[in-house]
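Chemist: got a predicted model here, sequence first, then my questions.
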Amino acid sequence: LAGAMGLRIIETVYRDLGQRHTPLHGYLANLSPSLYRQYFRNLLPRRMRGVDYIRTFGHVSERAGTIDPQQVYRVRTAVDHLISENEYAESFIQALEELDDRQHPLPEAERELVRRRAGRLLLASHHSYRLRLELSVHEADWLVDTLTDFGPARGVYGARISGSGGGGTVVALLGRTST
C-alpha cells in the first residue's frame, strides 16, 4: 500500500507540473531510478498516516488494497525498495543473458565474475525486503543466511526470498559443484 501511495503522489506531482498523462502508466517500474532519486524521492513523506493520505490524495487503486486511516505508512521506504528492486531485477536479467550468450561466450574467469555479481544482486534484493520493508520471515532469512555462508567457493552465489510476500520460498543461484 505504501508503494501505491508513493506512486499516486509522484503522479500528482507530474500533473501539478502540467503533464496530462504521466510517463509511469501506473507503474513505478517506469520511473528511471536516477530521475526518482534526483527529483521525486525527497518529495515523498517518510511516514504518512492513512487519514492524511486519503484527505490529500484520495484512495489508491482497488487492486493495491484499502488504506487504513489509523495506520502509519512508510511511503518513501516502500518506494525506495520498489525502485531498487526493479534495478536489481533488470541487472540480474542482464547478468543471466551474459551467461547465456552463446554467440559470444565469456571466458570462465569472466563467467565467475558475472555469477558473483548476479548473486550479490539477489542478496541486495533480499536485504532490502528484509531490512527496509521488514516483511521477510525468520525461516526464509535463516535459509538465505545459511546458503550465503557457503559462498561462491562452494557453489552458492546468492539467494533471496520470493513468492510475492507469502514467505517460505527462497530462490538461490547455484553453480555446478561437487561439494
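Modeler: Nice, I can see it. Note that this is a predicted model, so its numbers are computed, not measured.
Chemist: could you use CA atoms for every contact and neighbour count after this?
Modeler: Fine.
Chemist: mean confidence for the longest helix that the chain contains?
Modeler: In the chain, ranked by residue count with DSSP state H as the criterion, the top helix is helix 75-100. Throughout helix 75-100, pLDDT has a mean value of 95.
Chemist: assumed residue 173 was part of a strand.
Modeler: Yes: counting by DSSP: H, G, I helix; E, B strand; the rest coil, residue 173 is located in a strand.
Chemist: surely it is in contact with residue 121?
Modeler: No: in this structure, residue 173 is not within contact of residue 121 by C-alpha atoms under 8 Å, at 10.4 Å.
Chemist: and for these two, which residues touch both?
Modeler: residue 158 (C-alpha atoms under 8 Å, 6 or more residues apart in numbering).
Chemist: circling back: the longest helix of the chain: which residues count as buried?
Modeler: 75-88, 92, 95, 98-99 (16 or more other C-alpha atoms under 10 Å).
Chemist: same question for stretch 29-44.
Modeler: Quick answer for stretch 29-44 (16+ other C-alpha under 10 Å): 31, 33, 36, 40-41, 44.
Chemist: may I have the distance across that stretch, first residue to last?
Modeler: Chord length of stretch 29-44, first to last residue, is 17 Å (C-alpha to C-alpha, to the nearest Å).
Chemist: next: stretch 119-134.
Modeler: End residues of stretch 119-134 are separated by 21 Å (C-alpha to C-alpha).
Chemist: from the chain's centre, how far out does it sit?
Modeler: Stretch 119-134 has its C-alpha centroid displaced from the chain centroid by 8 Å (C-alpha atoms, centre = their mean, to the nearest Å).
Chemist: just to revisit the earlier point, redo the buried residues of stretch 29-44 as a markdown table? Include distance to residue 148, pLDDT and secondary structure.
Modeler: Below are the buried residues of stretch 29-44 laid out as a markdown table (distance: C-alpha to C-alpha, whole Å; pLDDT from 0 to 100; DSSP: H, G, I helix; E, B strand; the rest coil):
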| residue | distance to residue 148 | pLDDT | secondary structure |
| --- | --- | --- | --- |
| 31 | 31 | 94 | coil |
| 33 | 28 | 94 | helix |
| 36 | 31 | 96 | helix |
| 40 | 34 | 96 | helix |
| 41 | 32 | 97 | helix |
| 44 | 34 | 98 | coil |
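Chemist: pLDDT below threshold where in this protein?
Modeler: Residues of the chain meeting the criterion pLDDT under 70: 164-168, 177-179.
Chemist: hey, where'd the helices end up in it?
Modeler: 2-16, 33-35, 50-57, 75-100, 108-127, 138-150.
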